[in-house]
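Engineer: Below is the structure, and that's it, no one-letter string:
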């Protein structure tokens, strides 16, 4: 159960003020132990829908008088529930980067073809510690420290994948992968097609991106908007330790090239994940909080801003449905569509730039496919079309803040 | 032993015809030793000897395959002018010796990856004329189902990794293949071919650095035809000694118009790469056509230069002279062989012309390995959960 944020504990009076960005160091919720003992699966927030929505196999839906957020959520109707988060079985608690490492390690144990390449992934242990300890365990040939040449080592990973290896290519920061754009676009995405299906490229390209803590413009890039047009690749974004591990494993097992977007500020999220093996679907979205009034679509770090805003919204009497889309390419229009058909209002909250971001594509997709079900225009909150400034206050205004989300929902739900 | 490897090497193209010629031409495996035209120039290594061991069978195979390649490229020229081949068409005539010599020195387990001038290398790796012409004309029977085109020929079962349009991008891929060969402990090497134009790409040096660092069995082969599209090498490179460009990596300069020199160098390179890591080969070669069919090829070089090379260094003429001097066939027999080849190529073109275009549904196949990106799969990726609209 992930008691990710402010909303989790009853005693979470120390709610972060709306104008603060999430400080990842403070994300560990205070009263976790009480939660994990008590809860079966989900805690439905206090909105009074008469239907007993049972999520998956657990029929125990605890209703609480205080509004609480769904601590963790998995897609409702799909078989993912079999692999969803802990029931009363003991899981183990870890941070998001440890979850990624666990997933990676399990896959490397399982399949000798999996190898990791990137800068400082081996002896240094990874700049975000995702590959810590792997070089000692698997040796230098499977955990490869590359020189600083993104173009070449991404190309090498793709070439190795053509022969059947399954490299996991790490960009120390997603922004650096711009240097490898040619390899990712032309070779990674297109080789399966231009060779008439002869070669598959089962690579995973992963790395942290997104706006961090005053990292400057070049280190705060959101590459999902640049990569989204490349045919032949899949893109996923993880947001919790649970889905980080699940998506990492699924991405490695996938025969298609997958780009896994992590976020610099989410690496220290703590959650309890199951002991048994599980995988998350690469193409499925995650229902974070079912609701009735409005569908809020988000991914990665903005999920937490949305959940924080949701807390305020619930206090004001709204019932937002929050979906973490997870799969950035292709969009899970099935889950999204079902939600739109229910709520008739959509708000997209993303960290990409306004122009040409994931939100822009998603807006177009929803308008095209679900126009008849919309009562209001699709609203999209994105980052400003500016290079991310260094100054802390300016940086805050670049990304979407919870207060803006609350305002937008109020506007849409009039 | 080199000889047994040569005689047991199956070149699918020549096999049906060698039987026909057995009656007239001696095609036994009597060893013949041939001197290369020029000595090798080496950088940081000892050059191999100039005496190359071969056999009469191999000599005739060389002639036949090179004549086939030449004929195929010239036929592609006419097809392009007849607008049956569209887009880009980069022809390899003049450079056949590189493809042929390389094939003679290696096995199908060794990988080759090259840029867009890939028709003849594909043929050398065991591709058929039918696949070549179908792919060039965008038909279903093409080696990439008509979806790749001239620049995207691949043959996975003979370790031919293409066929790449972006200059220089294939070299890191090639080093990645070499890495996989080392990872899987195969005793095989990868030849990553690129041109003198691509030799100035940064990613080449990046990949070379990694290959040297990790001791990968990668052989970088610069097919130096002296022109990077329209720019002569002396106008593009401060140091046109491409074999020395590896600095700490050994290099060898080879006369790329002499198939036996190429063969010797590739054999040497393979042995070197398996033991000591990467090596650079520079093949001094020449292309008669322009860079591609859109380039006349005469605006940046004189016709005298082209005809001069054709007279003095043509690879097929060299082999022909060797065949005649070793009494392996008569002029007439060789001419008959060329006629047979011409007919073979014409037949392949006719057959490819009859081939249908790809089905419209093929537009969406092979984008992803499984599903078209519009399906949602279960965790084990076997079961379709939902079809996304």
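Structural biologist: Cool, the structure landed. Small disclaimer: the values here were computed from a predicted structure and weren't measured.

Engineer: drop to CA atoms for contacts and neighbour counts, all remaining ones
Structural biologist: Will do.

Engineer: all strands in the stretch 1-150 of chain B, in order from the N-terminus.
Structural biologist: B:31-35, B:41-43, B:51-55, B:111-113 (DSSP state E, counting those that start in this stretch).

Engineer: Residue A:295 belongs to a strand, doesn't it?
Structural biologist: Yes: judged by DSSP: H, G, I helix; E, B strand; the rest coil, residue A:295 forms part of a strand.

Engineer: Flag every residue of the stretch 51-200 of chain B that's near chain A.
Structural biologist: B:143-149, B:152-156, B:169-170, B:172-180, B:183 (CA under 8 Å from any CA of the partner chain).

Engineer: Leaving out chain neighbours, which residue sits closest to residue A:241?
Structural biologist: Leaving aside its sequence neighbours, residue A:241 sits nearest to residue A:96 (CA to CA, 6 or more residues apart in numbering or on different chains; 4.2 Å).

Engineer: Would you mind confirming that that neighbour makes contact with residue A:265?
Structural biologist: No: contact status for residue A:96 versus residue A:265: not in contact, 10.2 Å apart, counting by CA atoms under 8 Å.

Engineer: Look at these two and report which has more neighbours.
Structural biologist: residue A:96 (25 against 20; other CA atoms under 10 Å in any protein chain shown).

Engineer: hmm, back to that, narrow the residues of the stretch 51-200 of chain B next to chain A to those in helices?
Structural biologist: Judged by DSSP state H, those include B:170, B:172, B:173, B:174, B:175, B:176, B:177, B:178, B:179, B:180, B:183 as members of helices.

Engineer: which residue ranges form the strands in the stretch 51-200 of chain A?
Structural biologist: Along the stretch 51-200 of chain A, the stretches classed as strands by DSSP E, counting those that start in this stretch are A:61-63, A:91-95, A:114-118, A:143-145, A:166-170.

Engineer: and among the ones you listed, the most buried is which?
Structural biologist: Most buried of the strands of the stretch 51-200 of chain A, by mean neighbour count (mean count of other CA atoms under 10 Å in any protein chain shown): strand A:166-170, with a mean of 27.

Engineer: Contact distance from chain B - what residues of the stretch 301-414 of chain A qualify?
Structural biologist: For the stretch 301-414 of chain A, the contact set with chain B under CA under 8 Å from any CA comprises A:329, A:330, A:332, A:333, A:334, A:369.

Engineer: what's downstream of the lengthiest strand in chain A, the next helix or strand?
Structural biologist: Criterion DSSP state E: the longest strand present in chain A is strand A:346-353. Next helix or strand after strand A:346-353 toward the C-terminus (DSSP states H and E): helix A:358-370.

Engineer: What's the first helix or strand after that next one?
Structural biologist: strand A:379-383.

Engineer: quick one, phi psi at residue A:356?
Structural biologist: phi 70, psi 20 (degrees, to the nearest 10).

Engineer: rewinding a little: buried set for the longest strand of chain A?
Structural biologist: A:346, A:347, A:348, A:349, A:350, A:351, A:352, A:353 (16 or more other CA atoms under 10 Å in any protein chain shown).

Engineer: Repeat that for stretch A:300-319.
Structural biologist: For stretch A:300-319, a neighbour-count test (16+ other CA under 10 Å) marks A:300-314, A:318-319 as buried.

Engineer: one step back: report the buried members of the residues of the stretch 51-200 of chain B next to chain A.
Structural biologist: Buried among those (16+ other CA under 10 Å): B:143-149, B:152-156, B:169-170, B:172-180, B:183.

Engineer: if you go through chain A in chain order, where are the helices?
Structural biologist: Applying DSSP H to chain A gives helices spanning A:32-38, A:96-110, A:134-138, A:150-163, A:181-182, A:191-194, A:224-227, A:241-253, A:302-315, A:333-343, A:358-370, A:392-398, A:402-412.

Engineer: Format these as TSV; extra columns: distance to residue B:58 and mean pLDDT.
Structural biologist: TSV is the format used below for the helices of chain A (distance: least, CA to CA, whole Å; pLDDT from 0 to 100):
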stretch	distance to residue B:58	mean pLDDT
helix A:32-38	75	39
helix A:96-110	46	95
helix A:134-138	46	94
helix A:150-163	30	95
helix A:181-182	41	94
helix A:191-194	34	92
helix A:224-227	50	92
helix A:241-253	46	94
helix A:302-315	67	95
helix A:333-343	61	92
helix A:358-370	59	93
helix A:392-398	69	91
helix A:402-412	75	94
